[in-house]
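Enquirer: dropping a prediction and its sequence here:
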Amino acid sequence: MMEPRRPEEEVEPRAVVCIGDIHGHIKKLNNLWSNLQAAIPNRVFSTALIIFLGDYCDRGPSTHFVIEFLSSLRSLYPRQTHVFLSGNHDFAFAAFLGVLPRPVGGYEFAEGWKEFEENKEREGWYDGEGYGEMHVQGRRWAGKITVEDNLAKGTVYLGSIYDAGPTFESYGVEHGSADLVKVVPEEHKKFLADLVWVHEEDDVCIETPDGIKHCRLIAVHAGLEKGKDVEEQLKILKDRDTRVPKIAQLSGRKNVWDIPEELTEPPTIVVSGHHGKLHIEGLRLIIDEGGGLEQNPISAIVLPSMKIIRDTDAIPSSNPKPL
């Protein structure tokens, strides 16, 4: 007769690693990945759920190499599970390339231009080849903004309202060039086309002052809107409904900061990037220390331990070297 399992032999909770905005910084991404490998035991890291929280492109110089790296992970780490969320920047990049899902119900992308039309001249919307069939965020992404300073962020615009200039340059073409559609590899287009807008996970463990708590987890780039039905929001996100000119859950700020009250029972972790901050308050996790700025680190959070790991950390390996 098999002896009952002792408490200390209980199955170790699966590691969930949530990685914040990368924004074209391949060196930082490589360093962060190496630090994750060093900090997490091999037996745990090899089967971890890795959730990338979106915004792989723009601002940094190496979007091409970032997408190359991310596209290779499933073959290099076949026992891991990889989730690639769409950020608002990735959505706009995909819109320009024409790889977003087509809107349903006879809707045309041009109908969504009206919401932002008052900004058209200032943002210098793209009006080159293919613009007539383009989602408004693709036109804004590839546009040539007419002002230099981003006063809200205290930075200089890099080509467009999205700082998309470095993405064009990483593929070897000038900002705003229609040739980008031709030079982006098909594998990269498929990666962008397949990005999910939300990911849900049941029974994720998280360490709290009261011990390990088992929670539902919702990962979405910016967050969920308060005061709007959560299930309706999740349906739009799961359906990837491109009739919406601006998806608040991918691009909102104050309106998506907090966890909607209806997610308190059962307890739900809501994890996002997007906000240019590291903010941990209860089960609301915002993991974006980088914000795409050169001087800031890229960070990740590891569950259940809640350990923060950055690309700038010097972490000795926890994994023994072979004799």
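Expert: Yep, it's here. Numbering: from 1, shown residues only.
Enquirer: all the strands of the protein, residue numbers only.
Expert: In the chain, the segments counted as strands under DSSP state E are 16-19, 49-52, 81-84, 149-150, 155-156, 199-208, 211-219, 268-272, 278-281, 284-287, 299-303, 307-310.
Enquirer: quick one: low-confidence parts of this structure?
Expert: In the predicted model of the chain, residues 1-10, 318, 320-323 satisfy pLDDT under 70.
Enquirer: what's the spacing between the spatially most central residue of the chain and Ala164?
Expert: The centroid of the chain falls nearest to Gly54 when counting by C-alpha atoms, centre = their mean (1.0 Å). With distances defined as C-beta to C-beta, to the nearest Å, the gap from Gly54 to Ala164 amounts to 15 Å. The way it works is simple: take the backbone N, C-alpha and C, and place the C-beta from them, glycine included.
Enquirer: closest one to Ala94 among the strands of the chain?
Expert: Put simply, out of those the one that sits nearest Ala94 is strand 81-84, at 11.9 Å, with distance taken as C-beta to C-beta.
Enquirer: mind putting the strands of the chain in CSV, distance to Arg59 and mean neighbour count included?
Expert: Rendered in CSV, the data for the strands of the chain read as follows (distance: least, C-beta to C-beta, whole Å; neighbours: other C-beta atoms under 10 Å):
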stretch, distance to Arg59, mean neighbour count
strand 16-19, 16, 23
strand 49-52, 16, 23
strand 81-84, 18, 17
strand 149-150, 11, 12
strand 155-156, 9, 12
strand 199-208, 24, 16
strand 211-219, 22, 17
strand 268-272, 18, 24
strand 278-281, 18, 14
strand 284-287, 17, 23
strand 299-303, 16, 23
strand 307-310, 18, 18
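Enquirer: out of those, which is closest to Lys238?
Expert: Closest approach to Lys238 among the strands of the chain (C-beta to C-beta): strand 199-208, 8.7 Å.
Enquirer: each with direction, which strands does that closest one pair with?
Expert: Within its sheet, strand 199-208 is paired with strand 211-219 (antiparallel), according to DSSP bridges.
Enquirer: and the angle from the partner strand to strand 268-272?
Expert: 50 degrees (axes from the mean of the first three to the mean of the last three C-alpha atoms, to 10 degrees).
Enquirer: neighbours of the residue nearest to Leu32 when sequence neighbours are not counted, how many?
Expert: In space, Leu32 comes closest to Asp311 once its chain neighbours are excluded; the distance is 4.0 Å by C-beta to C-beta, 6 or more residues apart in numbering. The burial metric for Asp311, expressed as a neighbour count using other C-beta atoms under 10 Å, is 23.
Enquirer: and the gap between Asp311 and Val181?
Expert: Using C-beta to C-beta, one gets 31 Å for the distance from Asp311 to Val181.
Enquirer: mind listing the helices for the stretch 51-200 of the chain?
Expert: With helices called from DSSP state H, counting those that start in this stretch, the stretch 51-200 of the chain shows them at 63-76, 88-97, 120-123, 136-141, 165-170, 180-183, 186-193.
Enquirer: could those go into TSV alongside distance to Leu36?
Expert: TSV is the format used below for the helices of the stretch 51-200 of the chain (distance: least, C-beta to C-beta, whole Å):
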stretch	distance to Leu36
helix 63-76	12
helix 88-97	21
helix 120-123	37
helix 136-141	30
helix 165-170	24
helix 180-183	31
helix 186-193	21
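Enquirer: quick one: closest of the ones you listed to Phe45.
Expert: Across the helices of the stretch 51-200 of the chain, the minimum distance to Phe45, taken as C-beta to C-beta, is reached by helix 63-76, at 12.3 Å.
Enquirer: who are the packing partners of that closest one?
Expert: Helices and strands touching helix 63-76, by 3 or more C-beta pairs under 8 Å, 6 or more residues apart in numbering; DSSP states H and E, are helix 26-39, strand 81-84, helix 165-170, helix 186-193.
Enquirer: can I get that helix in PDB, CA atoms only?
Expert: Once non-C-alpha atoms are left out, helix 63-76 reads as follows in PDB (Å, rounded to 0.1, in the frame of the first residue of the first chain):
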ATOM      1  CA  THR A  63      12.900  45.600 -32.500                       C
ATOM      2  CA  HIS A  64      13.900  43.200 -35.300                       C
ATOM      3  CA  PHE A  65      16.200  41.200 -33.000                       C
ATOM      4  CA  VAL A  66      13.700  41.300 -30.100                       C
ATOM      5  CA  ILE A  67      11.000  39.600 -32.200                       C
ATOM      6  CA  GLU A  68      13.600  37.200 -33.500                       C
ATOM      7  CA  PHE A  69      14.400  36.200 -29.900                       C
ATOM      8  CA  LEU A  70      10.800  35.900 -28.900                       C
ATOM      9  CA  SER A  71       9.800  33.800 -32.000                       C
ATOM     10  CA  SER A  72      12.600  31.300 -31.200                       C
ATOM     11  CA  LEU A  73      11.600  30.600 -27.500                       C
ATOM     12  CA  ARG A  74       9.000  27.800 -28.200                       C
ATOM     13  CA  SER A  75      11.600  25.700 -30.100                       C
ATOM     14  CA  LEU A  76      14.400  26.500 -27.700                       C
END
